[in-house]
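**Student:** 3D, please:
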Amino acid sequence: MNNTAHTTSSAPTSLWKMRLRLMRKSLKTGWDIFKENPVGMVGLVIIVFFALLAILHPILMATVWDPGTYDPITGYDFKTLIHPSPPSWLPQPDNPMYKPSFRHILGTDPLGRDVLSQLMYSTRSEFLLGVGAALVTVLIATTVGAVSAYYGGLIDILFMRMADVMMMLPFIAILIVLSSLFQFKMIHLAIVYGILAGFGGTTIVIKSQALTIKVKSYIEAARIAGGGDGHIIFTHLVPNLLPLSFLYMMFTVTGAIFSEAVLSFFGLLDIRMSWGLMIQTAQAAGYLLNSWKYWYLMFPAGLSITLLCAAFYLVGRAMDEVVNPRLRKR
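**Tutor:** Take a look at the predicted model:
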């Protein structure tokens, strides 16, 4: 009797160990394929670089930078007010901007705030926005795609027509209208963008993949063994769709970051600091058309938006080879 109970209790443990071994093997195989793609590695290096900026900012504020001078929202270099005869790189009495120098590596904005501090502080918000929107997209698209493929019929028609409508709608225009009607913060933008993307084209792609999994023999075996619809969908369909879902997370991050930059530029987000808001501040002060002379007001934030969006896109393209065996080099 005791031997039987011991055997029964050890079976689930052995099953989980086997699943973990298979997962580790799959991850190692995927990484070996990914690292052979130079495009993906370039994107990964850029993402790691910005992640380090986000991590370093609170450390610098706590150890090196004076919060009164380098705070990205309220900072101001009061030494400019008492300097008897400011040199050319210092702001003049009626202009609180520093040009790039050792004290302010990327200068200061029209309000006298350190640009590098703003850039590093905003990186954290951009990551949280992108990851939040991607998680919402994956949750919705994977669930809807699996349910639509499994049941078919009226449910499939309803979800697919909804996806068609979402694909026709311009996301930016919808977000501009919504943010002008409601008070939008980063979390609201992440959720709304994730919902729009989740019910859009991503659902169609994942549903197509779910149809190929639905006809596998183990799905029929699970049904014959008495598995319910929910068990089959969330135990067999959804886990096999996750690699493709993770791929489309990369593209969602890119769209979310770009949308934030556009909305912040128009002043439609209730946020303290972001890359888009840095550009909007320079534009509101009249420096947009003189960006060559005051490059430090526009170039760092604009380049950061471009690089981070491109990095996630490049990682997504490289992951396409991992997820789709037909694209792998022979």
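
**Student:** Poorly predicted segments of this structure, please.
**Tutor:** Across the chain, the ranges flagged by pLDDT under 70 are 1-16, 19, 23, 78-96, 324-330.

**Student:** Identify the residue nearest the geometric centre of it.
**Tutor:** residue 130 (2.2 Å; C-alpha atoms, centre = their mean).

**Student:** chain center to the helix ranked longest in the chain: distance?
**Tutor:** Counting by DSSP state H, the longest helix found in the chain is helix 115-151. Helix 115-151 has its C-alpha centroid displaced from the chain centroid by 5 Å (C-alpha atoms, centre = their mean, to the nearest Å).

**Student:** What are the buried residues along that helix?
**Tutor:** 115-127, 129-130, 132-138, 140-150 (16 or more other C-beta atoms under 10 Å). Quick note: C-beta positions are derived from backbone N, CA and C, even for glycine.

**Student:** Over to stretch 66-74?
**Tutor:** Buried, per 16+ other C-beta under 10 Å, within stretch 66-74: 69-72.

**Student:** right, and the secondary structure at residue 100 would be what?
**Tutor:** coil (DSSP: H, G, I helix; E, B strand; the rest coil).

**Student:** Next: residue 75.
**Tutor:** coil.

**Student:** any idea how far residue 265 is from it?
**Tutor:** Applying C-beta to C-beta, to the nearest Å, the value for residue 75 to residue 265 is 22 Å.

**Student:** how far is the helix or strand encompassing residue 49 from where the chain is centred?
**Tutor:** Residue 49 belongs to helix 38-63 when assigned by DSSP states H and E. Between the centre of helix 38-63 and the centre of its chain there are 14 Å (C-alpha atoms, centre = their mean).

**Student:** Quick check, residue 210 in contact with residue 145.
**Tutor:** Yes: taking contacts as C-beta atoms under 8 Å, residue 210 lies within contact range of residue 145: 5.2 Å.

**Student:** what residues are shared contacts of these two?
**Tutor:** residue 241 (C-beta atoms under 8 Å, 6 or more residues apart in numbering).

**Student:** Now do the host helix or strand of residue 306: which elements does it pack against?
**Tutor:** Secondary structure from DSSP H and E places residue 306 in helix 295-323. For helix 295-323, the elements it packs on are helix 2-34, helix 38-63, helix 115-151, helix 238-265, helix 275-284, judged by 3 or more C-beta pairs under 8 Å, 6 or more residues apart in numbering; DSSP states H and E.

**Student:** angle of the shortest one against helix 115-151?
**Tutor:** To tie it back to what came earlier, the one meant is helix 275-284. 130 degrees (axes from the mean of the first three to the mean of the last three C-alpha atoms, to 10 degrees).

**Student:** and residue 256, how many neighbours does it have?
**Tutor:** Here the number of neighbours of residue 256 (other C-beta atoms under 10 Å) works out to 29.

**Student:** and it, what does it touch?
**Tutor:** By C-beta under 8 Å, 6+ apart, the neighbours of residue 256 are 129-130, 132-134, 189-190, 193-194.

**Student:** swap the cut-off to 10 Å and go again
**Tutor:** 126, 129-134, 136-137, 171, 186, 189-190, 192-194, 197, 309, 312 (C-beta atoms under 10 Å, 6 or more residues apart in numbering).

**Student:** Verify the stated contact: residue 51 with residue 128.
**Tutor:** No: between residue 51 and residue 128 there is no contact under C-beta atoms under 10 Å: 11.7 Å.

**Student:** Now do the shared contacts for the two.
**Tutor:** Common neighbours of residue 51 and residue 128 (C-beta under 10 Å, 6+ apart) do not exist.

**Student:** same for the helix holding residue 49, what does it pack against?
**Tutor:** helix 2-34, helix 67-70, helix 115-151, helix 238-265, helix 295-323 (3 or more C-beta pairs under 10 Å, 6 or more residues apart in numbering; DSSP states H and E).

**Student:** Residue 45: which of these is closest?
**Tutor:** Closest approach to residue 45 among the helices and strands packed on helix 38-63 is made by helix 295-323 (8.1 Å; C-beta to C-beta).

**Student:** Now do that closest one against helix 38-63, angle only.
**Tutor:** Using the same axes, to 10 degrees: helix 295-323 against helix 38-63 is 130 degrees.
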